[in-house]
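> next comes the sequence, and after it the predicted model I'd like to discuss.
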Amino acid sequence: MTVPDEARCMLMRGGTSKGAYFLAEDLPADAGARDDLLLRVMGSPDPRQIDGLGGAHPLTSKVAVVSASADPEADVDYLFLQVGVDRPEVSDRQNCGNLLAGVGPFAVERGLVAAGDGRTSVRIRMVNSGDLAVASFPTPGGRVDYSGTAEISGVPGTAAPVVIEFPQGSGPLLPTGHARDIVADTPVTCVDNGMPTVLIAAASLKVTGYESPKDLEEDLTLADRLREIRLEAGKLMGLGDVEGTTVPKLSLLAAPLDGGAVMTRTFIPVRCHTSIGVLGAASVAAGLRVEGGVGEGVARLPAQGDRLRIEHPSGFLDIEAGIAYDAEGVPVARRTAVVRTARKIFDGTVFARPAGAAQHL
Ligand code: NQM
C-alpha cells in the first residue's frame, strides 16, 4: 500500500487547543495508512515534534477529520484523533470539544455546508461518541468571520463567538451507577457528560488544587496516586484497561477563588491541562450537581439556573449544564451549551516527514 507524503490541510485554533483539520477524502481511507501519515504530519513521536505541525503538548497535537454526514440529523461527521507527542499513537477513544469549535467554520470553508447570510448553524455528528452538537457562528456576506469580541480564558485577544449546544449525551451520566465510589482508598465521582472524567476533591490527595500545572506535573507521588485511581476507575466505568488510553480524565476539585462554582486542575490524563476541555468541563459541571457526589462541600453551586463557572489554571469557563432525575431516580444529563472561539491559521498543503525518519530518534 502506498501512503501519501502530503495532504490538503487547514491548521486551526479550536477553543484552547490547536489542530490540523482535514476533509476525510483528503486522507487515506485505510485507518493504518491514515495514522501513519498523521504521525509524520505532526512530527510524532518526538517530545518536541520538531519536524511536524504538533506543538509538543497533547493540546496542540490534535486532528479533526470532517466529511458530509449520511445521518439525516447531521450536516457533517467529525472524527477526532489525538496524536501522541512522544509515543507513536493515534487514538479515537476520546472526543474533543475544543477542536469541535473549528469544525463548523471548516465545513463552510471547504464547501461542505452553505453559509447563511449573517449566521450559520452546522449540525455535527461526533463520530467518537455518536453524540450530536450544533455549532453556530457569524458568516456575514456568506463568509466565515473569525473576528469578534468574544474572549475565552487561555487565548489572548478576542474572536467571533462559536456557540455550541449539545442536546443530550447518549450514554449514562454515572457510568459506575453510583454518585460516589471509593477507588484506591479515595472517594471519587465518575461522570460522563461527553468526556469520561473522575472527580476527586484535591484535599483527599493532599494537594490544594491551586498549584500550577507544572508543579502538579512534577509531583511524582501525586502522579502515582492518580495513575492508580485512573486504572481502577477505568475498569469500574466499563472502559477496560486504560493504561495506554487518554480517557478517563481526572479533575481535582477545590473551592472556587473567584466567584465561580469550583476550581479545577484536570489531568488529560498525564499532563495537567492549562485550562480545561469543553466536554471535560461539561462532565465536571454535571458531576457537581449529582447529589452525594464528591463536589458536595467543595463546590458552590448557583442557587438558580443551569449556568456554572468552572475555574481553571488560566481563568474560567462558563457552561450551561443541567441534570434531571428520571423516574427511577437516576441522574441524566440535559442540554449543555458553551461559547468558544476558533480561528483559521493556515490553509494549504502539509508535507509529512518521510516514512522511517523517527526510527533514528
Ligand atoms: O474535553 C483536552 C482540550 C481537551 C479536550 C483533553 C476537550 C474536551 O482541551 O472537550 O476539548 O481533555 O484531552 O482540547
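Structure's in. What do you need? Residues are numbered from 1 along each chain as shown.
> how about the residues of the protein by the ligand?
16-17, 58-59, 96-98, 195, 246, 249, 268, 277-280 (C-beta under 6 Å from any ligand atom). Using the backbone N, CA and C atoms, a C-beta is placed for each residue, glycine as well.
> pick the one among these closest to D5.
Taking C-beta to C-beta as the measure, D5 sits nearest to P58 out of those, at 24.8 Å.
> doesn't R271 make contact with that closest one?
Yes - with contact defined as C-beta atoms under 8 Å, P58 and R271 form a contacting pair (5.7 Å).
> which residue of those two possesses the greater neighbour count?
Between P58 and R271, P58 has the larger neighbour count (other C-beta atoms under 10 Å), namely 19 against 15.
> which residues touch that one?
Taking C-beta atoms under 8 Å, 6 or more residues apart in numbering as the contact definition, P58 lies against Q82, V85, T246, I268, R271.
> got the phi and psi for it?
Main-chain dihedrals, P58, degrees, to the nearest 10: phi -60, psi -30.
> how close does it get to G259?
29 Å (C-beta to C-beta, to the nearest Å).
> what's the answer for V198, then?
In terms of C-beta to C-beta, V198 sits 26 Å off from G259.
> comparing these two, which shows the higher neighbour count?
Neighbour totals were compared for V198 and G259, and V198 leads with 31 against 9 (other C-beta under 10 Å).
> does the more buried one touch P187 like I think?
No - with contact defined as C-beta under 8 Å, V198 does not count as touching P187 (10.7 Å).
> circling back: what's the most distant pair in the residues of the chain next to the ligand?
Farthest-apart pair in the residues of the chain next to the ligand is T16 and T246; separation 16.4 Å (C-beta to C-beta).
> ok, those two, which is more surrounded?
Higher neighbour count among T16 and T246: T16, with 25 against 19, using other C-beta under 10 Å.
> what's near enough to touch the more buried one?
L59, N98, I152, S153, G154, V155, T274, S275, S314.
> the fifth one: which element?
If I follow you right, that is G154. Following DSSP states H and E, there is no helix or strand that holds G154.
> so it touches H273, yeah?
No - assessed by C-beta under 8 Å, G154 is found out of contact with H273, at 9.3 Å.
> that older thread, can you pick the most crowded of the residues of the chain next to the ligand?
G280 (32 neighbours).
> and M12, what is it in contact with?
Taking C-beta under 8 Å, 6+ apart as the test, what M12 contacts is K18, G19, Y21, A64, L99, G102, P105, F106, A342, R343, K344, I345.
> which of the contacts of P58 sits closest to the ligand?
I268 (3.8 Å; C-beta to the nearest ligand atom).
> these two touch, right, that closest one and K249?
Yes - here I268 reaches K249: they are 5.4 Å apart, a contact under C-beta under 8 Å.
> how about the stretch 1-150 of the chain: which residue is closest to the ligand?
For the stretch 1-150 of the chain, C-beta to the nearest ligand atom, closest residue to the ligand: G97, 2.7 Å.
> not counting its neighbours along the chain, what's nearest that residue?
V278 (2.7 Å; C-beta to C-beta, 6 or more residues apart in numbering).
> repeat that for R40.
Closest to R40 by C-beta to C-beta, 6+ apart is A352, at 3.8 Å.
> now do the phi/psi pair for that neighbour.
phi -80, psi 150.
> how many neighbours does D117 have?
Residue neighbour count, defined by other C-beta under 10 Å, stands at 10 for D117.
> for it, what are its contacts?
T139, P140, G141, G142.
> which among these end up buried?
Applying 16 or more other C-beta atoms under 10 Å to the contacts of D117, the neighbour count classes T139 as buried.
> find the helix or strand that the closest residue to D26 other than its chain neighbours is a member of.
Leaving aside its chain neighbours, D26 sits nearest to R8 (4.4 Å; criterion: C-beta to C-beta, 6+ apart). Element membership for R8, per DSSP H and E: strand 6-14.
> could you pull up the mean pLDDT of the following helix or strand past that strand?
Later in the chain than strand 6-14, the nearest helix or strand by DSSP H and E is strand 17-23. Strand 17-23 shows a mean pLDDT of 98.
> and what of stretch 49-62?
According to the model, stretch 49-62 has a mean pLDDT of 97.
> how far out from the middle of the chain is that stretch?
Taking the mean of its C-alpha atoms, stretch 49-62 sits 16 Å from the chain's own mean (C-alpha atoms, centre = their mean, to the nearest Å).
> can you list the buried residues in it?
By neighbour count with 16+ other C-beta under 10 Å, stretch 49-62 contains the buried residues 49, 51-62.
> redo those residues as a markdown table? Include distance to P175 and secondary structure.
Formatted as a markdown table, the buried residues of stretch 49-62 follow (distance: C-beta to C-beta, whole Å; DSSP: H, G, I helix; E, B strand; the rest coil):
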| residue | distance to P175 | secondary structure |
| --- | --- | --- |
| Q49 | 33 | coil |
| D51 | 39 | coil |
| G52 | 35 | coil |
| L53 | 34 | coil |
| G54 | 31 | coil |
| G55 | 31 | coil |
| A56 | 32 | coil |
| H57 | 28 | coil |
| P58 | 23 | helix |
| L59 | 25 | helix |
| T60 | 29 | helix |
| S61 | 27 | coil |
| K62 | 24 | strand |
